[in-house]
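In: What follows is a predicted structure for the sequence shown.
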Amino acid sequence: MDKYYSKTHEWVKTDGEEAIVGISEHAAADLGDITFVELPKEGMDLICGDSAGTIESVSASSVVFSPVSGTVTAVNHTLDDDPGVISSSAEGKGWLFKLDNIDPTEVEELMSEEEYTAYLETL
């Protein structure tokens, strides 16, 4: 699986026309202790750039945007009871949702891990 990043700090791992989406470790660190997560509904169709949910922490709230278009096939229900998993494993166990029927051309517009690291240095 290849991993790509958006300028709004979401990551996407792709496998053919399927993808897993989450927020970057950088975004999780900026938010601090995460206390609540609102995720999209399974079966929901998202367009690239759509609001897909919200992540709240003790100090801030952040909208999660879908980095690619697709249909939500699963959400990470672990986060319902333990949203702090995002803080400890943002790019692993803290994934947010899975998409199917993604558009590969949208993925090409995202940043590689190296490009994202360079982008962070400009902020």
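Out: Yep, it's here.

In: For H9, give me its contacts.
Out: I23, S24, H26, A27 (C-beta atoms under 8 Å, 6 or more residues apart in numbering). In short, each C-beta sits where N, CA and C put it, glycine included.

In: Name the helix or strand for the most centrally placed residue in the chain, please.
Out: The chain has G22 as the residue nearest its centroid, 2.4 Å off, counting by C-alpha atoms, centre = their mean. Using DSSP states H and E, G22 sits in strand 18-23.

In: Please spell out which residues along that strand are buried.
Out: Buried residues in strand 18-23, counted by 16 or more other C-beta atoms under 10 Å: A19, I20, V21, G22, I23.

In: and T117, what helix or strand is that in?
Out: Short version, using DSSP H and E: T117 is in helix 113-120.

In: What is that helix packed up against?
Out: Where contact means 3 or more C-beta pairs under 8 Å, 6 or more residues apart in numbering; DSSP states H and E, helix 113-120 is packed against strand 2-5.

In: picking up where we left off before, centre of the chain versus the helix holding T117, how much separation?
Out: Distance of helix 113-120 from the chain centroid (C-alpha atoms, centre = their mean, to the nearest Å) equals 16 Å.

In: Mind jotting down where the helices sit in the protein?
Out: Ranges of helices in the chain, per DSSP state H, are 25-31, 78-81, 85-88, 104-108, 113-120.

In: can you redo those helices as TSV with mean neighbour count?
Out: Converted to TSV, those look like this (neighbours: other C-beta atoms under 10 Å):
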stretch	mean neighbour count
helix 25-31	18
helix 78-81	14
helix 85-88	19
helix 104-108	13
helix 113-120	13
